[in-house]
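whatever this is, show me its structure:
(one chain, ligands or ions: 1)
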Amino acid sequence: MSIVFEVKNLIADYGAKTIIRNLSFKISHPAFVAIVGHNGSGKTTLFKALSGQLPYQGEIIINNQLLKHTSNPFTLGELALLAQKNNVGFSIPVEELVVMGRFRMKKFFQAYNQADYMATHQALALLKLLPLAQHNFVDLSGGEQQLVWLAQLMVQDTPVYLLDEPTQQLDLYNKKQVFTLMMEWVKHYQKTVFCITHDLHNLFTMEGYLLNLSVDRPMLEPLHPEVIQRHITLLESGR
Ligand SMILES: Nc1ncnc2c1ncn2[C@@H]1O[C@H](COP(=O)(O)OP(=O)(O)OP(=O)(O)O)[C@@H](O)[C@H]1O
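Here you go, the predicted model:
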């Protein structure tokens, strides 16, 4: 059976402080996975391990290939990450920032071409950002900037997307839109999407899995309403 993503006995720590203990799960088809848990439960740490930014024990398999501890999944084109905090300290038009998501596909000093800009415009259109394409990124609101980062993630076109709290700064309408977009990535673009979120109420409209890092033995559970409700109750009750 093909495996799109597998984690086997993953252990990740910061020196003496072990954060992820023996985590294992397997996904055999492109899917949406919500990563939930209390503050400090290890969600971002898991992403650091999956993306090769933190050494780990155990195995990570993407599309039937074992990711070596030394390999960089970004440059291999296996995954793209939207971090929790992203900053740009200079003026740049939205369109130019989004097209930079194609950087991995370019040779040294190779310019972006028509295909890169077409992919950029498609992503901007999907996120309803075309009217802002020529605006200066630094002049946008926090929520608008977050949507631009989502467009940049999309043009990277990797099989796996990792999103760390992508709806954090968004209004209720845009939160809903982003969850719909993530479902579209899975269904129409065959992406596997891992999304760290505290917005559990938005999961009732989603299909896929939930992984709660606050429980003793975290495991993938299907996103059924009763499963989501059980985890909301669990997380609301504190640690
Ligand atoms: N570089 C580091 N060195 C030591 N400890 C760290 C480091 N980064 C994170 N930690 C600790 O690891 C634990 C897990 O942090 P992590 O950022 O993974 O949590 P999280 O679940 O993503 O939290 P949140 O929901 O608040 O974003 C926390 O106790 C944090 O203080």
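
ranges for the helices of this protein?
Shown for the chain, the helices assigned by DSSP state H span residues 43-50, 94-99, 114-126, 142-156, 172-189, 225-236.

ok, which of those comes nearest the ligand?
Proximity to the ligand, assessed across the helices of the chain by Cβ to the nearest ligand atom, is greatest for helix 43-50 (3.4 Å). (C-beta placed from N, C-alpha, C; glycine too.)

alpha carbons only: can I get the closest one in CSV?
In CSV, the C-alpha atoms belonging to helix 43-50 read as follows (Å, rounded to 0.1, in the frame of the first residue of the first chain):
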residue,chain,number,x,y,z
LYS,A,43,2.8,21.3,18.1
THR,A,44,5.4,23.7,16.7
THR,A,45,8.2,21.3,17.9
LEU,A,46,6.5,18.5,15.9
PHE,A,47,6.7,20.8,12.8
LYS,A,48,10.3,21.6,13.5
ALA,A,49,11.1,17.8,13.5
LEU,A,50,9.0,17.1,10.4
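
contact partners of it?
Around helix 43-50, the neighbours that count as contacts under Cβ atoms under 8 Å, 6 or more residues apart in numbering are 7, 10, 12, 14, 19-20, 23, 35-37, 54-56, 60, 73, 79, 81, 84, 162, 164, 194, 196, 213.

what about 7 Å?
Defining contact as Cβ atoms under 7 Å, 6 or more residues apart in numbering, one finds that helix 43-50 is touched by 10, 12, 19-20, 35, 37, 54, 56, 60, 81, 84, 162, 164, 196, 213.

ok, residue 127 touching residue 151?
Yes: distance between residue 127 and residue 151: 5.1 Å, which falls inside the contact criterion (Cβ atoms under 7 Å).

which one's more surrounded, those two?
Each of residue 127 and residue 151 had its neighbours counted (other Cβ atoms under 10 Å), and the higher figure belongs to residue 151 (27 against 20).

who's in contact with the more buried one?
With contact set as Cβ under 7 Å, 6+ apart, residue 151 has these partners: 98, 123-124, 127, 129.

so what's it closest to, chain neighbours aside?
If the residues on either side of it in the chain are set aside, residue 151 comes closest to residue 123, at 4.0 Å by Cβ to Cβ, 6 or more residues apart in numbering.

show me what contacts that neighbour?
When the contact criterion is Cβ under 7 Å, 6+ apart, the partners of residue 123 are 98, 151, 154-155.

which two of these have the greatest separation?
Farthest pair in the contacts of residue 123 (Cβ to Cβ) is 98 and 154. Separation: 8.5 Å.

what about those two, which has more around it?
The residue with the greater number of neighbours, taking residue 98 and residue 154 and applying other Cβ under 10 Å, is residue 98; the counts read 29 against 25.

the more buried one reaches residue 152, doesn't it?
Yes: counting by Cβ under 7 Å, residue 98 touches residue 152, with 4.8 Å between them.

can you report how many residues lie near residue 86?
One way to gauge burial is a neighbour count; for residue 86, by other Cβ under 10 Å, it gives 12.

coming back round to it: export the helices of the chain to JSON lines and tack on mean pLDDT?
Listed next are the helices of the chain as JSON lines, based on pLDDT from 0 to 100:
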{"stretch": "helix 43-50", "mean pLDDT": "94"}
{"stretch": "helix 94-99", "mean pLDDT": "96"}
{"stretch": "helix 114-126", "mean pLDDT": "95"}
{"stretch": "helix 142-156", "mean pLDDT": "94"}
{"stretch": "helix 172-189", "mean pLDDT": "94"}
{"stretch": "helix 225-236", "mean pLDDT": "96"}
